[in-house]
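*Asks:* structure of the sequence below:
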Amino acid sequence: MNPFRWSFRTQFLCGFFACFALLAYALYLEHYGGLVPCPLCSFQRGAFVLLGLVFLIGGLHAPRGRAGRGTYGVLALLAAALGISIAGRHVWLQHLPADQVPACGPDLSFMMEAFPLADVLRKVFTGSGECARVDWTFLGLAMPAWSLICFAVLALWALHAGFRRRKVS
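*Replies:* Prediction:
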């Protein structure tokens, strides 16, 4: 069976299951592997949740028209672009020279309770030393780099599903 000829519904539900599997693995590493997520990791998880929701809603709705499929493709692309920007920032922080890494700040839960949301977002995206630390690698790439790759692949998957020509039957 050719995956590029799957229906829109099947492609979008596969995208949802991919996001679900990635989040499940992240939670497994947190709870059983002892890896505590930094603030940027938490935001990447949020972007995967958002992308997964777009995939799920699009897969369940499964519009027949090009406009409807394209709308879901664009929404998924926007969610993936958010994830790409967060993961890209995280990868950049991890590749800074040691003398340029920002100082560690408070954890995300404390900041959410103590500061307005705009200040929390500014602090998280400015980065902190804990976001620059590499605790896990696979094939020489840290988790943010793998997240970046996954967001890019899922963005391409959503665009393909949303905008490919379909045979009229």
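*Asks:* lowest mean pLDDT among the helices and strands of the chain, which one is it?
*Replies:* Within the chain, no helix or strand scores below helix 129-132, which has a mean of 64 by mean pLDDT, DSSP states H and E.
*Asks:* how about the helix or strand where residue 18 lies: buried residues?
*Replies:* Using DSSP states H and E, residue 18 maps to helix 8-31. Residues 8-9, 11-16, 18-19, 22, 26, 29 are the ones in helix 8-31 that count as buried (16 or more other Cβ atoms under 10 Å). In this view, the C-beta of every residue, glycine as well, is placed from N, C-alpha and C.
*Asks:* using PDB, list the CA coordinates for it.
*Replies:* Presented in PDB, the C-alpha positions along helix 8-31 are these (Å, rounded to 0.1, in the frame of the first residue of the first chain):
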ATOM      1  CA  PHE A   8      -6.700  12.600   3.900                       C
ATOM      2  CA  ARG A   9      -8.300  11.000   7.000                       C
ATOM      3  CA  THR A  10      -5.700   8.300   7.200                       C
ATOM      4  CA  GLN A  11      -2.800  10.700   6.700                       C
ATOM      5  CA  PHE A  12      -4.000  13.100   9.300                       C
ATOM      6  CA  LEU A  13      -4.700  10.300  11.900                       C
ATOM      7  CA  CYS A  14      -1.200   9.000  11.300                       C
ATOM      8  CA  GLY A  15       0.100  12.500  12.000                       C
ATOM      9  CA  PHE A  16      -1.900  12.500  15.200                       C
ATOM     10  CA  PHE A  17      -0.500   9.100  16.300                       C
ATOM     11  CA  ALA A  18       3.000  10.300  15.500                       C
ATOM     12  CA  CYS A  19       2.500  13.300  17.800                       C
ATOM     13  CA  PHE A  20       1.000  11.000  20.400                       C
ATOM     14  CA  ALA A  21       3.900   8.600  20.200                       C
ATOM     15  CA  LEU A  22       6.500  11.400  20.500                       C
ATOM     16  CA  LEU A  23       4.800  12.800  23.600                       C
ATOM     17  CA  ALA A  24       4.400   9.400  25.100                       C
ATOM     18  CA  TYR A  25       8.200   8.800  24.700                       C
ATOM     19  CA  ALA A  26       9.000  12.200  26.200                       C
ATOM     20  CA  LEU A  27       6.800  11.400  29.200                       C
ATOM     21  CA  TYR A  28       8.400   8.000  29.500                       C
ATOM     22  CA  LEU A  29      11.900   9.600  29.600                       C
ATOM     23  CA  GLU A  30      10.700  12.100  32.200                       C
ATOM     24  CA  HIS A  31       9.000   9.600  34.500                       C
END
